[in-house]
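> no sequence for this one, just the structure:
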């Protein structure tokens, strides 16, 4: 048997340092990680408690007091403060604005009120119209109702303006035509409730020779009546007339 050789390398199990070295490294890393986690948790808990304590120190307490619980303010001149006034003491009722009963006024038994029939018998004052015709105006004190023949104001608000139904061209004066005079005349026309011209006034004229032909043409115009409050009213209408020669 002294010459026999046994191979211990094949199929044998290893023990000792080769097996313990990897295990030692593994468990050392795990222990180090656990220690670091515990350390961080302790440090974090400490700093959180410190921050919470500082927040409580910086907080300002707010106390709600009623006005009656406040004391008098300190004196600026070092004089003795006035005693506190009791706010809840009973106050006297105000007398301003309180209605006071007044006895009824005595009415004479002979005094009566006019009836509607008696009022209708009282005729108001009647005055003659300014035009001298049949139109009249009724005067009631300072207020005067204008007659239908009175011209309208310069500006009258309307819902629908009058429209030209019939247009008439003015006649060119012979003298102006021979002299070669041209111009423009602006005429203001009083249009009544029927759309007919009642009066024509020259507002602006380049030559006086054209005034009368423009007025004659304006008085032959026809309009639709102006409408206000669903009814016709009289207004002023401005129409320009141009006198221009036609050169052949």
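Yep, it's here. Since we're looking at a predicted model, the values are computed, not measured.

> And for residue 172, the neighbour number?
Residue 172 is flanked by 16 other residues according to other C-beta atoms under 10 Å. C-beta: built from backbone N, CA, C; applies to glycine.

> Give me the distance between it and residue 183.
When distance is defined by C-beta to C-beta, to the nearest Å, residue 172 is 11 Å away from residue 183.

> Give the residues shared as contacts by these two.
Taking C-beta atoms under 8 Å, 6 or more residues apart in numbering as the contact rule, residue 172 and residue 183 both touch residue 243.

> Low-confidence ranges, this protein, go.
Applying pLDDT under 70 to the chain flags residues 1-16, 55-60, 74-75, 77-148, 248.

> which residues touch stretch 154-165?
191, 195, 221-229, 233-237.

> How about the contacts made by the closest residue to residue 244 other than its chain neighbours?
Nearest-residue entry for residue 244: residue 182, 5.2 Å, with adjacent residues in sequence omitted and distances by C-beta to C-beta, 6 or more residues apart in numbering. Each residue near residue 182 by C-beta under 8 Å, 6+ apart is listed here: 176, 206, 243-245.

> do the same with residue 195
Contacts of residue 195 by C-beta under 8 Å, 6+ apart are 162, 165, 222-225, 232.

> Shouldn't it be within a strand?
No. Counting by DSSP: H, G, I helix; E, B strand; the rest coil, residue 195 falls outside a strand, being coil.

> which non-adjacent residue is nearest it?
residue 223 (4.2 Å).

> re the thing from before, so which of the contacts of stretch 154-165 sit within strands?
The members of those that map onto strands under DSSP state E are 191, 222-223, 226-228, 233, 235-237.

> The residues you listed: which two are farthest apart?
222 and 228 (19.7 Å; C-beta to C-beta).

> check contacts around residue 188.
Contacts for residue 188 (C-beta under 8 Å, 6+ apart) come out as 200-203, 236-238.

> Put the buried members of the residues you listed into a PyMOL selection.
A single PyMOL command suffices to select whichever of these are buried according to 16 or more other C-beta atoms under 10 Å:
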select buried, resi 200+202+236+237
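
> what residues does stretch 213-230 touch?
By C-beta under 8 Å, 6+ apart, the list of residues contacting stretch 213-230 from outside reads 156-173, 185, 187, 189, 191-197, 200, 202, 205, 232-235, 237, 239, 241, 243.

> List the buried residues of it.
For stretch 213-230, burial by neighbour count (16+ other C-beta under 10 Å) applies to 213-215, 217-218, 221, 223, 225-226.

> which among the contacts of stretch 213-230 end up buried?
By neighbour count, with 16+ other C-beta under 10 Å, these hold 162, 170, 172-173, 185, 187, 189, 191-192, 195, 197, 200, 202, 205, 232-235, 237, 239, 241, 243 as buried.

> Got phi/psi on the spatially closest residue to residue 222 that is not a sequence neighbour?
Using C-beta to C-beta, 6+ apart and skipping residues adjacent in sequence, the residue nearest residue 222 is residue 166, 3.7 Å away. Dihedral angles of residue 166 (phi, psi; degrees, to the nearest 10) stand at phi -130, psi 120.
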